[in-house]
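Visitor: Sequence and predicted structure below; questions after.
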Amino acid sequence: MKKFNIRKVLDGLTAVSSSSSSASQTGAGKENDAVPESLQSEHFQLCKTVRHGFPHQPSSMAFDPVQKILAVGTLTGALRLFGRAGVECYCQHESGAGVIQLQFLINEGALVSALADDSIHLWNLRQKIPAILHSLKFNRERITYCHLPFQSKWLYIGTERGNIHIVNVESFTLSGYVIMWNKAIELSTKTHPGPVVHISDNPMDEGKLLIGFECGVVVLWDLKSKKADYRYNYDEAIHSVAWHHEGKQFLCSHSDGTLTTWNIRTPAKPTQIITPHGKQPKDGKKPEPCKPILKVEYKTTRAGDPFMVLSGGLSYDTVGRRACLTVMHGKSTAVLEMDFPIVDFLTLCETPYPNDFQEPYAVVVLLERDLVVIDLGQIGYPIFENPYPLSIHESPVTCCEYFADCPAELIPALYSVGSRQKRQGYSKKDWPISGGNWGQGTESYPEIIITGHADGTIKFWDASALMLQVLYKLKTAKVFERARGKEEKANADIVDEDPFAIQTLCWCPESRMLCVAGVSAHVIVYRFSKQEVATANVQLLEVRMQCELSDVDSPDATGEQTPTQASSVPSSPQDGEPPATDSTQPSAGGNGSNSSADGPRDNIPCLQVRSSPLKQSPGYQVELVVQLVWVSGEPPQQITSLAINSSYGLVVFGNSNGLAVVDYLQKTLLLNLGTSELYSPSEPNQRQPCSPRKARQPSGALCDSNDGPNAAEERCKSPNSDSKDVSFIRSRSSSMTSVDRESREAVCALCFCETFPKKSSDGAPSPCVLVGTTQGSVMLVALSLPPGDDHRLMQPVGISSCGTVARLKGGILTMALLDAAGAVLPASYEPWYDPNASDEEKEKEKSRWRRPASPPSSQEGHDSQFAVLCSEKQAKVLAMPSQTRVHKHNITESSFVLRADVVQMGSGNCIACFCANGHIMTLSLPSLRPLLDVNYLPLTDMRIARTFCFSNLGQALYLTSPTEVQRITYSQETCDNLQEMLSELFTPVETPEAPNKGFFKGLFGGGAQSLDREDLFGETASGKASRSLAQHIPGPGNMEGMKGAASGVVGDLARARVALDERGQKLGELEERTAAMMASAESFSKHAHDMMLKYKDKKWYQL
């Protein structure tokens, strides 16, 4: 029996821990000790910055007519506040309960929110990050409606039981004054009136409160006498109530699509009943019932007819009709169709005073997926052009990329071509929601966000200075023919819906080259041009990528020829490989067999490129379309990795079948290899197939998009190929199980670079491609470019596989190269020039071409580069060209990394990682020291994994909901400057003067009647409310923005400052009381002195 040695076990554990803590160094490790690293843990801090996009699941809305600020509440407890373009703010209720109503304290910088969990909250908007000052949680009654009169501190709260409670918004305490439902309705009523659906005070008499109950009963309540003055009964349920500004009439909307107008002094019956969308019978009968009118607003004008705005009320025979907003003005009725159901609407008026002519000028309509503002001042009611980035979800986002510190000229160039895409017919007036001020941030560098969408569109956004504005929109679906019928659509699609959806994209900001891959296994290469061009035929290259079933077998130790040494006979285990006679030759073509009615689908792409001429507007224009085709009844596999290099003129992409390299300048396929063929024949890791080699179909062919269906003989020929027939023999079953498909080793990461293709390279580094796979292998493919630009279009590019560089745990996520000093070596690029410009302009641009300085050549025996490799489980740093591992770090054992990027910070470089368990981490380079590890966001939705991306200078983003983008920072410097960078919501504005009563109204008392609510609702008059009714919860107040530092000195200072402020306030109150007592004592002294003087000389009997 073998003896157990505990010392060896401990030694093994020590070795494992030392390697996982990135201390494993071999060979060139000593040389790496001299690399200085400027980034330290104190340079990193994680915090949210801003949230962009349309509020997900909106539920309520409010507007401050003086501050010009709009607030939107959602079903998830979020608050979004909007001012002028670029002024946005996001807040969140901790409970996550839905927001049922919002009320501004007009021009006070405060907001009251009522939630579905029967709590109300007071938000302080006078600080850049709003905070809750007070909360009140009702225990026994459910909140249904709130009303806060203008310039009042008493908030009316209606409940499901039909009662009305009153809250002091200054102290957030309940008043003892309660309006009970059984006192409000008639005593003879036998049924409960239902919940309170409306509360408002008479515009001309603050002492009269109008209460609407769901059953159809409306009560005018006298606050002073504590009794109902009038009761108005109608058979149909009430949804909303609106006052005329003179306070003599009000309007009700009902569930049968009717509007009733009531005179406050004639409660017996309404003065008018109308059905705006009902068909009027000729015999004078009652109109047919319509859908409920959910809301109505009545706004008066000084010079003309009033406006009546309502939502709903359409007749029941309009099945399938979209939601409508109806605007009734005088004798005209305009029905405005909306794209989505209406959640709420508000009429914007010139005055905040309810007892004056309202002068409406716009209507804000909150839809389920959009925000629309209608101009009431122009004929036809045009909409305003929305300056907010609310169209992110116009089509679902499928991928995101974030580029910080872009070239300065990019944003103006994209804006200039994007401005021509704007719709016409908008209102000529300025956007009416114009409150707040922009931040005064010191950080100003160009930032661009690119979003890919399900309908094939790509949007470029200007994300500089914590703002977001759409710059340019590209429709990739224009390249393809649209399926006209169901049979045609199902012919070759591999996805049921959204065949044009963007899978991944690659963008070079310097050359402005764009490459996108779609779910239908297609790749499109775009060039940027400022000039319009008409393309007669879209250049198309079809690629046949096929994987043998035996490719998934266990590795075989026996070696064969390398793929780069293939003979002239097409002989490779990968059916998709081009039958090349030399590694530098493009693919040879042959005639393929199209699918027949009774045979398997073969050599057919999933989408059909349009055959008609394509007019391409200024912006991104199609250079080449690459499509993978069906192989023997099997659909092409979706593309999993993509890279483009403008300096080399190459596009490389991979999937579960292998790797393909395309020359987009010569429009040829250069390489098409199975993943197993990328391995060197001498290494034990290679996955050699067990089946014999087969002849196969040509794997790449250049086709004109106008080829007809009869062009099968010519469609799959490369420009450099002969017409030699190549027979095709089926080597496997046309069906494949999902297990086989999943177990393939797919290409999942690609990186163009200039490095040393061999371990013993003595010369200068040469162009290469690093290839990463899902099983953790990193391979190197060397490129041989023709010398000089003149020969580039004439001679083919040579390619050779150099075998495996390293093996890591988990699939490869990112790869990069560093120089000997630890700085990132960017891939070479060709600076942008307009491809449609004149030859003189092109030559002028080409004369200014510059490429990044080539990495220094390696001296014999010395490494001059570091290769940074990061997988789902670990990160490694290799010294190049020796390929010696110098550092290793195990990132996670229990989870896996979803996204990793090598990013540049202000003073250094690091690896940023986002794990599935919610942790965000950064590792130093090249030593892989952990610098940041924060448990930020658990993966609750695949949308987050699909859209999370890091960028330079400590920025990152992800799609937090289907309609919203959340931006975060992991930079301490950005966190420190965040307060300055954020916009301000509250700005000091003078409250407009109250309307003039006029001489006769002042003389005869016809003006607005004020009410001293303090005498009615204060504790001295009404007593204290029941303690069990509601619970007061003090809010964090001014400390909300300091939560991150609450445990440190900053938090202590903040608490001390708040305490000092409170103490100062109490001292101020004490000083006021002392001053009042002194004034009272002085008055008493004066009276006593006068009394003494009066009776000074009088005798006692004279008194």
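Guide: Cool, the structure landed. Numbers count the residues shown, from 1 in each chain.

Visitor: contacts and neighbour counts: CA atoms only from here.
Guide: Fine.

Visitor: Residue 941 and residue 60: what is the separation?
Guide: As judged by C-alpha to C-alpha, to the nearest Å, residue 941 and residue 60 stand 26 Å apart.

Visitor: Comparing those two, which residue is more hemmed in?
Guide: residue 60 (23 against 11; other C-alpha atoms under 10 Å).

Visitor: Now residue 387: closest residue in space, sequence neighbours ignored.
Guide: residue 85 (5.4 Å; C-alpha to C-alpha, 6 or more residues apart in numbering).

Visitor: Where does pLDDT dip in the stretch 601-750 of the chain?
Guide: Along the stretch 601-750 of the chain, segments meeting pLDDT under 70 span 681-743.

Visitor: Could I get the full set of helices for it?
Guide: With helices called from DSSP state H, counting those that start in this stretch, the stretch 601-750 of the chain shows them at 738-742.

Visitor: what's the answer for the stretch 51-200 of the chain, then?
Guide: 181-184.

Visitor: how about residue 301, what does it touch?
Guide: Residue 301 makes contact with 307, 357, 358, 359, 360, according to C-alpha atoms under 8 Å, 6 or more residues apart in numbering.

Visitor: Show the end-to-end separation of stretch 138-153, please.
Guide: Terminal-residue distance, stretch 138-153 (C-alpha to C-alpha): 19 Å.

Visitor: can you list the domain ranges for the chain.
Guide: 55-137, 897-979 (the TED database).

Visitor: wait, which of those is closest to residue 833?
Guide: Among the domains of the chain, domain 897-979 comes nearest to residue 833, with 25.4 Å by C-alpha to C-alpha.

Visitor: For the nearest residue to residue 510 once chain neighbours are set aside, give me the pLDDT.
Guide: Distances taken as C-alpha to C-alpha, 6+ apart put residue 831 closest to residue 510, at 5.6 Å, once the chain neighbours are dropped. Per-residue confidence (pLDDT) for residue 831: 90.

Visitor: sorry, back to before: how about the domains of the chain, which one is nearest residue 250?
Guide: Taking the domains of the chain one by one with C-alpha to C-alpha, domain 55-137 is closest: 21.2 Å.

Visitor: now that closest one, how far from the centre of its chain.
Guide: 20 Å (C-alpha atoms, centre = their mean, to the nearest Å).

Visitor: Over to stretch 875-884?
Guide: Here stretch 875-884 is found 38 Å from its chain centre; the criterion is C-alpha atoms, centre = their mean.

Visitor: Likewise for stretch 913-926?
Guide: 22 Å.

Visitor: what about residue 437, how many neighbours?
Guide: The local packing of residue 437 (other C-alpha under 10 Å) involves 18 other residues.

Visitor: Kindly report the same for residue 1071.
Guide: Count around residue 1071 with other C-alpha under 10 Å applied: 12.

Visitor: Could you do the one 3 residues further on as well?
Guide: Burial measure for residue 1074: 12 neighbouring residues, criterion other C-alpha under 10 Å.

Visitor: Could I get the pLDDT score of it?
Guide: 77.

Visitor: do you know how far it is from residue 445?
Guide: 56 Å.

Visitor: re earlier: in three-state terms, label the residue nearest to residue 510 for me.
Guide: Using DSSP: H, G, I helix; E, B strand; the rest coil, the structure places residue 831 in coil.

Visitor: Please enumerate the strands of the stretch 851-1000 of the chain.
Guide: 865-871, 874-880, 884-890, 897-904, 909-915, 919-924, 930-935, 949-951, 955-961, 964-971 (DSSP state E, counting those that start in this stretch).

Visitor: Then the stretch 1-150 of the chain?
Guide: Ranges of strands in the stretch 1-150 of the chain, per DSSP E, counting those that start in this stretch, are 44-53, 58-64, 69-74, 78-82, 88-92, 99-105, 110-115, 119-124, 131-138, 143-147.

Visitor: nearest to residue 623, of the ones you listed?
Guide: Proximity to residue 623 (C-alpha to C-alpha) singles out strand 44-53 among the strands of the stretch 1-150 of the chain, at 32.2 Å.

Visitor: State whether residue 434 and residue 85 are indeed in contact, as I suppose.
Guide: Yes: under the criterion of C-alpha atoms under 8 Å, residue 434 makes contact with residue 85 at 7.5 Å.

Visitor: Compare these two and say which is more crowded by neighbours.
Guide: The residue with more neighbours, out of residue 434 and residue 85, is residue 85; 20 against 16, by other C-alpha under 10 Å.

Visitor: Was I right to think residue 541 contacts residue 627?
Guide: Yes: under the criterion of C-alpha under 8 Å, residue 541 makes contact with residue 627 at 6.4 Å.

Visitor: that older thread, now, of the strands of the stretch 851-1000 of the chain, which is deepest in the fold?
Guide: Across those, averaging neighbours per residue (mean count of other C-alpha atoms under 10 Å) puts strand 865-871 on top, at a mean of 28.

Visitor: contact partners of it?
Guide: Residues from elsewhere that reach strand 865-871 (C-alpha under 8 Å, 6+ apart): 755, 776, 808-820, 822, 875-881, 897, 900, 926.

Visitor: try it again with 6 Å
Guide: Identification of contacts with strand 865-871 by C-alpha atoms under 6 Å, 6 or more residues apart in numbering yields 810-820, 875-880.

Visitor: do stretch 199-217 as well
Guide: Residues from elsewhere that reach stretch 199-217 (C-alpha under 6 Å, 6+ apart): 147, 193-198, 218-223, 232-234, 236-238, 245, 247, 354-355, 1008-1011.

Visitor: can you confirm residue 450 is in a helix?
Guide: No: the assignment for residue 450, made by three-state DSSP, is strand rather than a helix.

Visitor: My understanding was that it contacts residue 463; is that so?
Guide: No: with contact defined as C-alpha atoms under 6 Å, residue 450 does not reach residue 463; the gap is 9.9 Å.

Visitor: Turn the domains of the chain into TSV, columns for distance to residue 865.
Guide: Output for the domains of the chain, formatted as TSV (distance: least, C-alpha to C-alpha, whole Å):
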stretch	distance to residue 865
domain 55-137	43
domain 897-979	11
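
Visitor: I'd like those domains written out as a markdown table, with mean pLDDT and distance to residue 294 added.
Guide: As requested, those are arranged in a markdown table below (pLDDT from 0 to 100; distance: least, C-alpha to C-alpha, whole Å):
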| stretch | mean pLDDT | distance to residue 294 |
| --- | --- | --- |
| domain 55-137 | 96 | 13 |
| domain 897-979 | 94 | 26 |
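
Visitor: returning to that earlier point: looking at the strands of the stretch 1-150 of the chain, which is closest to residue 837?
Guide: Set against residue 837 and scored by C-alpha to C-alpha, the strands of the stretch 1-150 of the chain come closest in strand 44-53, at 37.3 Å.

Visitor: For the nearest residue to residue 891 once chain neighbours are set aside, list the residues it contacts.
Guide: Using C-alpha to C-alpha, 6+ apart and skipping the chain neighbours, the partner closest in space to residue 891 is residue 874 (4.9 Å). The neighbourhood of residue 874, defined by C-alpha under 6 Å, 6+ apart, consists of 889, 890, 891.

Visitor: quick one: which of these is nearest residue 273?
Guide: Nearest to residue 273 among the contacts of residue 874, counting by C-alpha to C-alpha, is residue 891 at 71.2 Å.

Visitor: gap between that closest one and residue 376?
Guide: 59 Å.

Visitor: out of these two, which sits in the more crowded spot?
Guide: residue 891 (24 against 20).

Visitor: confidence score at that one?
Guide: pLDDT, residue 891: 97.

Visitor: Repeat that for the one 5 residues further on.
Guide: At residue 896 the predicted local distance difference test score is 95.

Visitor: can you check residue 835 too?
Guide: 86.

Visitor: Give the full set of residues in contact with the closest residue in space to it that isn't next to it in sequence.
Guide: Distances taken as C-alpha to C-alpha, 6+ apart put residue 529 closest to residue 835, at 6.4 Å, once the chain neighbours are dropped. Each residue near residue 529 by C-alpha under 6 Å, 6+ apart is listed here: 618, 619, 834.
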